[in-house]
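Participant: attaching a predicted model along with its sequence, questions to come.
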2 protein chains.
Amino acid sequence: MSRRSVLASTGILGGSLLGAAACSDAPSLAFHGVHQAGITTPILPFLQIAGFDVVARDRGGLIELLQTWTQVAVELTSRPDAALSLTFGFGPALFTEGRFGLADRRPTALTELPSFPGEQLDPAAGGGDLCVQICAQHPTTAHGAVRALVNAGRSSAKLRWRQIGSRDAGDRADPTGLFGFRDGTANLDLASEQEQADHLWVSDGPAWLHGGTYLVVRRIRLLLDTWDRTDLATQETIIGRHRDSNDRLDGVPAAHVRLASPEANGGAKLLRRSYSYDAGADPNGLMDAGLIFICFQRDPQRQFVPIQQRLASSDPLNGFSQHLASGVFACPAGVERGSWIGASLLS
Amino acid sequence: MSRRSVLASTGILGGSLLGAAACSDAPSLAFHGVHQAGITTPILPFLQIAGFDVVARDRGGLIELLQTWTQVAVELTSRPDAALSLTFGFGPALFTEGRFGLADRRPTALTELPSFPGEQLDPAAGGGDLCVQICAQHPTTAHGAVRALVNAGRSSAKLRWRQIGSRDAGDRADPTGLFGFRDGTANLDLASEQEQADHLWVSDGPAWLHGGTYLVVRRIRLLLDTWDRTDLATQETIIGRHRDSNDRLDGVPAAHVRLASPEANGGAKLLRRSYSYDAGADPNGLMDAGLIFICFQRDPQRQFVPIQQRLASSDPLNGFSQHLASGVFACPAGVERGSWIGASLLS
């Protein structure tokens, strides 16, 4: 892989689009490591997540793309003022017979998600061969990073969808979501190595994914106009928590937090790292906004899928939300210095 | 006007949606004053701007709406951790004969903008009876504020369009735009009372607008994929500045900054306060992003309109941009304590 600067050779974006100098207090997240950044590393307040279709014709073109993107990611995260993480994933379609010779390397768990009751998915707004999640301290940094990837990979990968999100700037693990309630309170305990081993990191199936994980992303519109006309007591019964104290409400077995809980799902847990999106008004003058639900897990078929099946059939929040887009991606382990994302799969 | 809390009586939004506690270093912007905030006050990095259609049937309903919105604005900006400005404007349609008895109070300059060559406006994404610009230190604060207005005015005003923007967090007056060049360098000089009097504040026409100004908003998509494939020297010739130094290029009379300059427009100047928007991917996999161009002026017919006519016919940037939505609004002077926005027009 060439050592010249990919960013310099594409040459188009000015420096200030690639790192926000204003955020000197932001954490610097190394790209290299045992695991990819953006999974257990601190959650930065601004998100870009995008899906791409690979248009390179052969395995060599795919390898070149991933080597180029690795170089872009290394350069972006090496800038002294960088405060961003990049996380790459591979979608089920990449493993289709006759494309890149990967059909026999597809992990069993990497299949398109089943249909869930009530969802209204736009296929063009989800899925895809490749996914990149970018989290940054500033929206400009996240924007510049996804754009650098688009530009560097233009001949080999076509942007399929892109979502832009934000969360409270505080470093709470459970920020306030658009419904006014904290989100992510009962999350996977990252302080526990055992929890990570049990629920997060892949350690079986094809060796290329060991140390990796699966990302599920869902665009969930939240019907804010309806929610805001619902009285607080009803909202709290639906969610299953007091809004202002965040304490759990007792005796509401059908509440959202109970239906989503590990106890209700055979112990299944997810590492959630969701963001809010805010997209304007719909043609009826209703708020177009919601949740970019993102979770990581060692097996989506045993974690996200059964939890979402339960929620889709019974969650009282369904009257206030619409699932609009979806994707599942296998995120390999971290990249060693000198190597590239996907080397374990493709070399 | 009632003194009970409008936010408490709508009662729906939790406190954390209405002010971001994380931003203790942010400026507090008073709602009351000689002029409205959000015009010459410091520019905060996050924007929501929205247009509303008044569905109240009579003048009394319109007055009640504006009194309620005033109370919401006072409460929002009075919170100890508040860091936001709200700026209200009235569109030409509000003055239509037979609606609210305002036909004879319409200033001559408050008419819908003429068509410009090349624009592709969606009427539903612009215009409207009322406009509110909200600038905040944090996206959650801006979102919560527009939502508080939507909720408090639900029976009288219907959301028509809403745009969400951001700018570099630095307090530079000319942040880097999505084309990688600084934007707003040659702006109205706010340190000069004379410039403000000559170009910004209304002092003729109907007395109700004296001390006010006009807001023009345009949603301008920037064709980033095309721009990013254009070499830097060509980009600099089109803009008329060196990208990295921001120095003007000599000898390029057709460059954007020259065509937009006061010298090329009979001395016409605008106070620009624009933001970037970032909205995902279009169906062709191209970046959907651009500029929420916002400017203030004492007479749009003599300032924005001739400048935009020149740009629309000759600007080399036209090959890289599309005007998608538009609005013009008269923003009255500031609100005295105890009064309400629009009192000079309606009482």
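Facilitator: Thanks, I have the structure now. Keep in mind it's a predicted model, so treat the numbers as computed, not measured.
Participant: tell me if I'm right that A:Ile238 and A:Pro316 touch.
Facilitator: Yes - between A:Ile238 and A:Pro316 there is a contact under C-beta atoms under 8 Å: 4.5 Å. Every residue, glycine included, has its C-beta placed from N, CA and C.
Participant: settle it for me: which of the two has more neighbours?
Facilitator: A:Ile238 (24 against 17; other C-beta atoms under 10 Å in any protein chain shown).
Participant: can I assume the more buried one sits in a helix?
Facilitator: Yes - the assignment for A:Ile238 by DSSP: H, G, I helix; E, B strand; the rest coil puts it in a helix.
Participant: how far away is it from A:Gly144?
Facilitator: As judged by C-beta to C-beta, to the nearest Å, A:Ile238 and A:Gly144 stand 39 Å apart.
Participant: ok, now A:Glu193?
Facilitator: 35 Å.
Participant: looking at these two, which one has more neighbours?
Facilitator: Using other C-beta under 10 Å as the criterion, A:Glu193 and A:Gly144 rank with A:Gly144 on top: 28 against 10.
Participant: strands of the stretch 51-200 of chain A, residue ranges please.
Facilitator: Per DSSP state E, counting those that start in this stretch, the stretch 51-200 of chain A carries strands over the ranges A:84-90, A:130-136, A:157-166.
Participant: looking at these, which is nearest to chain B?
Facilitator: Taking C-beta to the nearest C-beta, strand A:157-166 is the member of these nearest to chain B, at 4.4 Å.
Participant: now the angle between strand A:130-136 and that closest one, please.
Facilitator: Between the axes of strand A:157-166 and strand A:130-136, defined by axes from the mean of the first three to the mean of the last three C-alpha atoms, to 10 degrees, the angle is 30 degrees.
Participant: for strand A:157-166, packing partners?
Facilitator: With contacts defined as 3 or more C-beta pairs under 8 Å, 6 or more residues apart in numbering or on different chains; DSSP states H and E, strand A:157-166 has these neighbours: strand A:46-54, helix A:139-152, strand A:275-281, strand B:275-281, strand B:287-297.
Participant: what about the nearest residue to A:Gly240 once chain neighbours are set aside, how many neighbours?
Facilitator: Nearest residue to A:Gly240, sequence neighbours excluded (C-beta to C-beta, 6 or more residues apart in numbering or on different chains): A:Ala255, at 2.7 Å. When neighbours are defined as other C-beta under 10 Å, A:Ala255 has 21 of them.
Participant: which of the helices or strands spans A:Leu345?
Facilitator: Assigned by DSSP states H and E, A:Leu345 belongs to helix A:343-346.
Participant: which other helices and strands contact that helix?
Facilitator: Using 3+ C-beta pairs under 8 Å, 6+ apart, helix A:343-346 sits against helix A:59-78.
Participant: average pLDDT across the helix it packs on?
Facilitator: Averaged across helix A:59-78, pLDDT comes to 97.
Participant: centre of the chain to that helix, how far?
Facilitator: Taking C-alpha atoms, centre = their mean, to the nearest Å, the mean C-alpha location of helix A:59-78 is offset from the chain mean by 19 Å.
Participant: and the angle from that helix to strand A:130-136?
Facilitator: If you take the same axes, to 10 degrees, helix A:59-78 sits at 0 degrees to strand A:130-136.
Participant: determine the angle, from 0 to 180 degrees, between helix A:59-78 and strand A:84-90.
Facilitator: Using the same axes, to 10 degrees, helix A:59-78 lies at 160 degrees relative to strand A:84-90.
Participant: how about helix A:59-78 and chain B, any contact?
Facilitator: No - Helix A:59-78 stays out of contact with chain B when judged by C-beta under 8 Å from any C-beta of the partner chain, the minimum separation being 13.5 Å.
Participant: can you show me the CA trace of that helix as CSV?
Facilitator: Taking Å, rounded to 0.1, in the frame of the first residue of the first chain, the C-alpha atoms of helix A:59-78 are listed here in CSV:
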residue,chain,number,x,y,z
ARG,A,59,-11.5,-8.8,-5.5
GLY,A,60,-8.4,-6.7,-6.4
GLY,A,61,-10.6,-3.6,-6.6
LEU,A,62,-12.2,-4.3,-3.3
ILE,A,63,-8.8,-4.8,-1.6
GLU,A,64,-7.5,-1.6,-3.1
LEU,A,65,-10.6,0.3,-1.8
LEU,A,66,-10.2,-1.0,1.7
GLN,A,67,-6.5,-0.3,1.7
THR,A,68,-7.2,3.3,0.6
TRP,A,69,-9.9,3.8,3.2
THR,A,70,-7.5,2.4,5.8
GLN,A,71,-5.0,5.0,4.8
VAL,A,72,-7.6,7.7,4.9
ALA,A,73,-8.7,6.6,8.4
VAL,A,74,-5.1,6.5,9.7
GLU,A,75,-4.5,10.0,8.3
LEU,A,76,-7.7,11.4,9.7
THR,A,77,-7.2,10.0,13.2
SER,A,78,-3.5,11.0,13.2
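Participant: list the residues that contact the closest residue to A:Leu86 other than its chain neighbours.
Facilitator: Using C-beta to C-beta, 6+ apart and skipping residues adjacent in sequence, the residue nearest A:Leu86 is A:Ala73, 4.5 Å away. Shown in contact with A:Ala73 (C-beta atoms under 8 Å, 6 or more residues apart in numbering or on different chains): A:Phe31, A:Leu86, A:Phe88, A:Ile341.
Participant: could you flag which of those are buried?
Facilitator: Among these, the ones that count as buried by 16 or more other C-beta atoms under 10 Å in any protein chain shown are A:Phe31, A:Leu86, A:Phe88, A:Ile341.
Participant: tell me how many other residues crowd the closest residue to A:Ile43 other than its chain neighbours.
Facilitator: Counting by C-beta to C-beta, 6+ apart, A:Ile43 lies nearest to A:Arg273, which is 5.7 Å off, once chain neighbours are set aside. When counting by other C-beta under 10 Å, one arrives at 24 neighbours for A:Arg273.
Participant: how about A:Leu130?
Facilitator: Count around A:Leu130 with other C-beta under 10 Å applied: 27.
Participant: which pLDDT value goes with the residue nearest to the spatial centre of chain A?
Facilitator: Centroid-nearest residue in chain A, with C-alpha atoms, centre = their mean: A:Ile294, separated by 4.2 Å. pLDDT, A:Ile294: 98.
Participant: my read is that it contacts A:Arg273, right?
Facilitator: Yes - when contacts are counted by C-beta under 8 Å, A:Ile294 is listed as touching A:Arg273 (5.0 Å).
Participant: mean pLDDT added to the strands of the stretch 51-200 of chain A, as a markdown table?
Facilitator: Converted to a markdown table, those look like this (pLDDT from 0 to 100):
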| stretch | mean pLDDT |
| --- | --- |
| strand A:84-90 | 97 |
| strand A:130-136 | 98 |
| strand A:157-166 | 98 |
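Participant: can you redo these as a markdown table with distance to B:Cys131?
Facilitator: Output for the strands of the stretch 51-200 of chain A, formatted as a markdown table (distance: least, C-beta to C-beta, whole Å):
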| stretch | distance to B:Cys131 |
| --- | --- |
| strand A:84-90 | 35 |
| strand A:130-136 | 31 |
| strand A:157-166 | 24 |
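Participant: A:Ser115: which of these is closest?
Facilitator: Closest of the strands of the stretch 51-200 of chain A to A:Ser115 is strand A:157-166, at 18.8 Å (criterion: C-beta to C-beta).
Participant: now the angle from the closest one to helix B:139-152?
Facilitator: Using the same axes, to 10 degrees: strand A:157-166 against helix B:139-152 is 70 degrees.
Participant: show me how far strand A:157-166 is from its chain's centre.
Facilitator: Using C-alpha atoms, centre = their mean, the offset of strand A:157-166 from its chain centre is 11 Å.
Participant: one more: stretch A:293-302?
Facilitator: 10 Å.
Participant: likewise for stretch A:150-158?
Facilitator: For stretch A:150-158, the distance to the chain centre is 20 Å (C-alpha atoms, centre = their mean).
Participant: would you check how far apart the nearest residue to A:Asp183 once chain neighbours are set aside and B:Asp58 are?
Facilitator: Using C-beta to C-beta, 6+ apart and skipping residues adjacent in sequence, the residue nearest A:Asp183 is A:Gly177, 4.0 Å away. Between A:Gly177 and B:Asp58 the distance is 38 Å, computed by C-beta to C-beta.
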